[in-house]
Structure formats: structure tokens, C-alpha cells
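# Quick check, what structure comes out for this input:
(one chain, ligands or ions: 2)
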Amino acid sequence: MSLKLFLLPGDGIGTEIMKEVEKLIAWLNGEQLTDFTTDSGLVGGCAYDAHGEAISEADMEKALAANAVIFGAVGGPRWDKVPYDKRPEAGLLRLRKDLGLFANLRPAICYPALADASSLKRELVEGLDILIVRELTGGVYFGEPKTITDLGNGQKRAIDTQVYETYEIDRIVRVACDLARTRNKKVHSADKKNVMKSGVLWDEVAQAVAKDYPDLEFHHILADNAAMQLVRNPKQFDVMVTDNLFGDILSDAAAMLTGSLGMLPSASLGAPDKATGKRKALYEPVHGSAPDIAGKGVANPIATIASFAMALRYSFGMIELADRVEAAISAVLDEGLRTGDIAQPNRKIVGTEEMGAAILRRLAA
Ligand code: IPM
Ligand code: MG
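Ligands and ions are numbered 1, 2, ... in the order given. Here you go, the predicted model:
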């Protein structure tokens with residue numbers, strides 16, 4: 001039976017990098033390695049231009065019906081002035097919320113060929129393999145009230161609400177622990193329990209979950225210290241689990257350790273369906289829409305292609321194929337091909353299409 005992929009390229013470089021994924025899908029289908037059908041829709045600024053919303057109801061329905069959503073990037077200065085609830089990012093947040101994608105997996109892997117592209121010293125990042133597990137449907141991103149009130153005396157008051165319930169913490173820490181079992185069996189749970197009640201509860205629940213995983217090494221870490229340790233000695237980490245906001249920030253820092261934000265894929269997963277065991281899922285690069293280089297054909301498609309490899313792995317159980325795609329990416333980097341964002345001396349700079357084609361060529365070899 002054919003599997004349904006819903007493609008949402010979005011804005012900026014999103015459309016360029018998604019084309020390379022489409023070529024990969026076509027190749028996989030052509031080789032009869034997979035049987036995917038694809039449909040695509042609009043999200044972000046382009047959806048606002050077309051429908052006056054950051055994502056239309058029709059496209060939301062398609063996203064809900066798909067076996068997996070492959071997402072590009074949203075946003076750009078063109079939409080800086082659109083109403084807050086229709087801004088491009090609102091489309092992404094609605095997808096996360098309505099699809100129930102509470103578990104965001106952000107691996108930060110340093111490809112050997114790129115150890116010198118990192119802003120940290122080679123010895124600190126060579127062989128780095130961290131997985132950040134970010135809670136994605138709760139916390140300050142969605143907590144109510146979320147308001148700006150005019151106090152009438154020339155002052156305003158802004159409120160965002162950080163809120164977590166036990167079940168939300170429990171399920172994300174379990175995802176992290178289950179993944180740690182398939183890796184180096186170490187989990188760091190990051191919060192700010194020294195100043196936040198939500199942090200106190202986070203740690204209480206995380207410690208309780210850890211009791212069910214006696215085979216794992218479990219550590220509590222304050223989120224600010226986690227940021228510091230990430231740039232001091234990142235290889236001490238295996239799996240890090242944290243809330244929505246800290247995860248947003250820590251994953252950007254982790255991304256940079258690998259040489260470029262253009263390298264980092266992510267998977268956002270829902271809870272397994274009780275009847276079928278299938279999870280809703282969305283795969284997206286961690287980088288944004290990069291309006292400054294959009295339309296120039298120079299964007300790095302690796303994070304999006306690697307996100308698609310995560311779809312093969314986590315949505316479709318095609319582990320061997322996922323390994324092959326990741327190995328092809330690594331091989332192309334070893335060959336010396338680089339997009340501008342990961343440029344290095346004596347390496348060949350290529351554009352988006354050339355990079356995509358090189359990965360396909362490696363895959364076919
Ligand atoms: C991310 C992004 C998003 C977030 C933005 C685009 C809303 O920074 O996926 O990390 O803050 O979650
Ligand atoms: Mg972010």
C-alpha cells in the first residue's frame with residue numbers, strides 16, 4: 001500500500017530545498033525501494049498571501065491525513081507586519097499543536113568531514129552525536145494567558161505563561177529514555193527548578209520516570225549550565241530532554257557545534273495511535289527560511305534531506321534505507337563538496353541542486 005507524504009515547502013529557501021527531497025522520493029520510488037505518493041500545500045507567508053491564513057483548513061486536513069508531513073521553512077521580512085495570529089510561524093505552531101507532535105527530536109551529529117567547520121575546536125566536536133529531545137506542544141509557547149495589556153499610564157504589561165502538567169513531562173521524558181536505550185544510555189534532563197515551579201515539577205516527574213529505566217544513567221542539569229556545558233564539553237551528552245523554550249534555545253546552540261545550522265534535521269512525533277500504533281509526524285530542518293539567500297540556488301539541502309531520512313527511520317521503519325541516505329550525505333562531504341554555509345578552504349562550493357544530485361549519485365552507487 002502506498003504511503004502518503006504531504007509536502008509543505010513554505011517560504012524562502014524552503015521551496016528550493018524541498019525540490020531536492022522530491023527528486024530523492026522520485027528516485028526511491030523509481031528503484032521500487034519505496035511506494036510514496038506525494039501532495040503539496042502552502043504554509044507560512046505564502047499561505048497568508050494565498051488564503052489570508054498561515055495554513056488553510058484544507059491543507060490542515062491533508063496534513064492530518066498524511067502518513068508524514070515534510071516541512072521546509074517559514075517566514076521572511078515580507079510578512080513582518082501581518083497580524084500576530086496569522087504570522088508565518090503560526091502555521092508551524094498550529095501543525096505542531098493540532099497534530100499533537102509533542103516530541104521533537106533534534107540530533108546534532110558532527111560529520112567527520114566538517115569537524116573544522118565548527119566554531120569550536122576539532123577535538124571538542126569530532127565524533128559528536130547528541131540527541132536533543134524537546135517538548136513541543138506545551139510550555140510558554142502555548143500557555144494561557146498570553147497577552148499584552150495597556151495599563152493606561154503609558155505602560156503595558158506582557159504575559160506569557162509557562163505551564164506543564166504531569167502527563168506532558170512524563171511522556172516526553174519516556175521518549176527520551178526509550179531513545180537513550182538505543183544509544184549510549186545517558187539522559188540529561190534540563191530545567192530551571194531553582195527559579196521556576198514548572199521546573200520543580202519537571203524534575204519531580206523526570207526523576208520518577210527515570211526509576212523505570214534503571215539501566216540508564218540519568219542526570220538533572222540546570223538549563224543555563226546545560227548551555228554552558230554544550231559549548232564547553234559537548235561530548236559529555238548523549239540524550240538531553242527539556243521543555244519547549246529551553247529546547248528551542250539549546251538545540252540552536254547544539255546545531256552550531258556541528259558546523260552549520262544547515263546540517264541539522266528534526267522529527268516531530270505524536271503519541272502512537274491506540275489502534276494502529278502509528279504516530280503522526282512532521283519532519284523539518286532546524287534552520288529557517290534564510291530570506292537573504294532565497295531564490296539564489298545556494299541553500300544547503302542537507303538538513304532537509306536528513307530530515308527525510310528521519311522520516312524513513314521513525315515513520316516507516318525503513319532503517320536500512322535511512323542509514324543509506326545518511327551515509328550518502330557523509331560520503332558527499334568526504335568527497336569535498338560544500339554549500340556556501342559550510343565552505344572550507346580547498347573544498348568545492350556547489351549549489352543546492354548540485355548538492356542534491358551528488359547525494360543521489362552516491363545513493364545510487
Ligand atoms: C524552531 C523555530 C520555531 C520555534 C519558530 C520558527 C516558531 O525556531 O523550530 O526551533 O521557535 O519553535
Ligand atoms: Mg528555534
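# Near ligand 1, which residues of this protein? Just list them.
89, 92, 248 (Cβ under 6 Å from any ligand atom). Every residue, glycine included, has its C-beta placed from N, CA and C.
# I'd like those residues as CSV, with distance to residue 210, pLDDT and secondary structure appended.
Converted to CSV, those look like this (distance: Cβ to Cβ, whole Å; pLDDT from 0 to 100; DSSP: H, G, I helix; E, B strand; the rest coil):
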residue, distance to residue 210, pLDDT, secondary structure
89, 33, 97, helix
92, 31, 97, helix
248, 24, 95, helix
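# which of those residues has the most neighbours?
residue 92 (22 neighbours; other Cβ atoms under 10 Å).
# Is that residue in contact with residue 43, as I believe?
Yes: when contacts are counted by Cβ atoms under 8 Å, residue 92 is listed as touching residue 43 (6.9 Å).
# anything in contact with each of those two?
54, 71, 74 (Cβ atoms under 8 Å, 6 or more residues apart in numbering).
# In the stretch 201-350 of the chain, which residue sits closest to ligand 1?
residue 248 (4.6 Å; Cβ to the nearest ligand atom).
# ok, for that residue, nearest residue in space, not its chain neighbours?
In space, and not counting its chain neighbours, residue 248 is closest to residue 134: 6.9 Å by Cβ to Cβ, 6 or more residues apart in numbering.
# Just to be sure, that neighbour is in a helix?
No: the assignment for residue 134, made by DSSP: H, G, I helix; E, B strand; the rest coil, is strand rather than a helix.
# Now do the same contact list for it.
104, 105, 106, 241, 242, 243, 244, 246, 247, 248, 250, 251.
# From those, which land in helices?
244, 246, 247, 248, 250, 251 (DSSP state H).
# count of neighbours near the last one?
Right, residue 251. 25.
# swap in the second one?
Number of residues near residue 246 (other Cβ under 10 Å) recorded here: 26.
# Need the phi and psi values for residue 55.
Note on residue 55: its backbone torsions stand at phi -160, psi 140 [degrees, to the nearest 10].
# Please apply the same query to residue 28.
Torsion angles, degrees, to the nearest 10, at residue 28: phi -60, psi -40.
# isn't it right up against residue 34?
Yes: using Cβ under 8 Å, residue 28 is in contact with residue 34, at 4.3 Å.
# Name the residues contacting each of these two.
Common neighbours of residue 28 and residue 34 (Cβ under 8 Å, 6+ apart) are residue 321.
# more neighbours, these two?
residue 28 (21 against 18).
# hmm, back to that, closest one of the shared contacts of residue 92 and residue 43 to residue 279?
residue 71 (15.7 Å; Cβ to Cβ).
# how about residue 150, what does it touch?
Counted by Cβ under 8 Å, 6+ apart, residue 150 has contacts residue 156.
# residues touching the residue positioned nearest the centre of the chain, list them.
A centroid search over the chain (Cα atoms, centre = their mean) returns residue 266, at 2.7 Å, as the residue closest to the centre. The contact partners of residue 266, by Cβ under 8 Å, 6+ apart, come to 104, 105, 106, 107, 251, 283, 284, 285, 286, 307, 310.
# which among those gets closest to residue 184?
residue 107 (12.8 Å).
# Touching, the closest one and residue 128? I think so.
No: using Cβ under 8 Å, residue 107 is not in contact with residue 128; the gap is 10.1 Å.
# picking up where we left off before, could the contacts of residue 266 go into JSON lines alongside distance to residue 184?
Formatted as JSON lines, the contacts of residue 266 follow (distance: Cβ to Cβ, whole Å):
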{"residue": "104", "distance to residue 184": "20"}
{"residue": "105", "distance to residue 184": "15"}
{"residue": "106", "distance to residue 184": "17"}
{"residue": "107", "distance to residue 184": "13"}
{"residue": "251", "distance to residue 184": "19"}
{"residue": "283", "distance to residue 184": "24"}
{"residue": "284", "distance to residue 184": "25"}
{"residue": "285", "distance to residue 184": "25"}
{"residue": "286", "distance to residue 184": "22"}
{"residue": "307", "distance to residue 184": "23"}
{"residue": "310", "distance to residue 184": "19"}
